[in-house]
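Engineer: just to be clear, the model below is a prediction. Sequence and coordinates:
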Amino acid sequence: MRKIRVMKENNKKYSAENLNEVRAALAESMPDLFVKLVILFGSQAKQDTQTSTFSDIDIALQLEDGIPLSQKAELLLKLYEALSAIFHREDIDVTILNQAGILLRYQVLRSGIQLYGDRTDYNKFAVASRRDYFDMLPTIEFYRNHFNSSN
């Protein structure tokens with residue numbers, strides 16, 4: 001595995017400069033790990049001044065298609081190690097977009113910051129996520145209304 005640049009330990013919030021460092025480190029390490037997209041989402045992506053410095057880091061990954069099941073566990077371990085080295089933290093929650101549900105993919109799309117990957121791959125992810133979400137929206141709203149009215 002390539003040597004990965006590490007973010008300064010005291011950088012808990014991610015400014016544009018920090019994110020550029022992260023993007024450079026990801027560009028060095030991700031091509032060897034079958035990753036198409038890396039997206040920061042959740043509280044760290046919102047740049048909210050209320051975000052606790054103790055908030056974990058939520059990362060969504062879209063992997064290349066066709067990775068043999070026998071290699072997935074080892075690959076996920078390498079990905080986690082690489083992300084921990086880049087962010088200099090171990091409290092990273094990794095979501096695999098290829099296996100994520102509609103609501104989670106849409107949340108990643110709405111609040112996420114693309115850190116790595118080709119713009120075409122991101123656009124394909126965005127179009128598919130929006131399509132799936134809006135196709136499912138009537139059902140989602142039905143269940144929300146049903147459960148909200150029964151309380």
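Structural biologist: Great, that's in hand.
Engineer: what helix or strand is the residue nearest the centre of the chain on?
Structural biologist: Centrality entry for the chain: nearest residue to the mean C-alpha point is residue 60, 1.8 Å, by CA atoms, centre = their mean. Here residue 60, judged by DSSP states H and E, is contained in strand 57-63.
Engineer: what comes into contact with that strand?
Structural biologist: Defining contact as CB atoms under 8 Å, 6 or more residues apart in numbering, one finds that strand 57-63 is touched by 34-45, 75, 79, 83, 87, 89, 91-98, 100, 108, 112, 117, 121, 125. (C-beta placed from N, C-alpha, C; glycine too.)
Engineer: parallel or antiparallel, which strands does it pair with?
Structural biologist: Applying DSSP bridges, strand 57-63 is found paired with strand 35-41 (antiparallel), strand 92-96 (parallel).
Engineer: any idea which of the ones you listed is most buried?
Structural biologist: Of all these, strand 35-41 carries the top mean neighbour count, a mean of 22, counting by mean count of other CB atoms under 10 Å.
Engineer: coming back round to it: identify the bridge partners of the residue nearest to the centre of the chain.
Structural biologist: The partner residues for residue 60, given DSSP bridges, come to residue 39, residue 95.
Engineer: about what we covered before: residue 143 is nearest to which of the strands paired with strand 57-63?
Structural biologist: Nearest to residue 143, of all those, is strand 92-96, at 22.2 Å by CB to CB.
Engineer: put the alpha carbons of the helix or strand just after that closest one into CSV.
Structural biologist: Counting by DSSP H and E, the element after strand 92-96 in chain order, helix or strand, is helix 102-111. The C-alpha trace of helix 102-111 is given here as CSV (Å, rounded to 0.1, in the frame of the first residue of the first chain):
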residue,chain,number,x,y,z
ILE,A,102,-32.7,4.2,-0.6
LEU,A,103,-33.0,6.6,2.4
LEU,A,104,-29.4,6.4,3.4
ARG,A,105,-28.2,6.9,-0.2
TYR,A,106,-30.4,9.9,-0.5
GLN,A,107,-29.1,11.3,2.8
VAL,A,108,-25.5,10.9,1.6
LEU,A,109,-26.5,12.6,-1.6
ARG,A,110,-28.1,15.6,0.1
SER,A,111,-25.6,16.3,2.8
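Engineer: helix 102-111: how far from the chain's middle?
Structural biologist: In terms of CA atoms, centre = their mean, to the nearest Å, the centre of helix 102-111 is found 10 Å from the chain centre.
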